[in-house]
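Engineer: Need coordinates for the following:
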Amino acid sequence: MLPELPPLPALTRAEGELIDRYLEAVDLLGRINPARGHGDTYRGLRAAQALVRKAAELRDALALMHRRGETELHGHTLARALRVLDGERRTARVALPPDRVG
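Structural biologist: Below you'll find the model as predicted:
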């Protein structure tokens, strides 16, 4: 049985959309990361093409928040949501892997 995840913090619909689009873009960047050496150039190309669409969706989510008067990002709350949604593991794939010296 899987451990129970902490509850997602209360988010507006627009904040939820922002978090979802952000993580989708991060997942694609992780697939493109040349330092990870996963897959081939075609896989990276497909992820890069999808990233263009996801970046536009991320932009649209932020624009919607702004139009609705949600002009402030609540970093602590959004970070909690990202952690619940496995954001730490997902964003780690974008970073450089540890150097294997020796």
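Engineer: can you tell me which residues contact the spatially most central residue of the chain?
Structural biologist: Centroid check for the chain by C-alpha atoms, centre = their mean gives residue 23 as the closest residue, at 1.9 Å. Taking C-beta atoms under 8 Å, 6 or more residues apart in numbering, we find residue 23 in contact with 82, 85, 87, 90. Heads up, the C-betas are built off the backbone N, CA and C, glycines and all.
Engineer: Which of those sits closest to residue 73?
Structural biologist: Within the contacts of residue 23, proximity to residue 73 (C-beta to C-beta) peaks at residue 82, which comes in at 11.9 Å.
Engineer: Secondary structure element for that closest one, which one?
Structural biologist: With the criterion set as DSSP states H and E, the secondary-structure element containing residue 82 is helix 75-84.
Engineer: tell me which strands and helices the next helix or strand after that helix is in contact with?
Structural biologist: Following helix 75-84 in sequence order, the next helix or strand is helix 87-92 (DSSP H and E). Using 3 or more C-beta pairs under 8 Å, 6 or more residues apart in numbering; DSSP states H and E as the contact criterion, the secondary-structure elements in contact with helix 87-92 are helix 13-32, helix 75-84.
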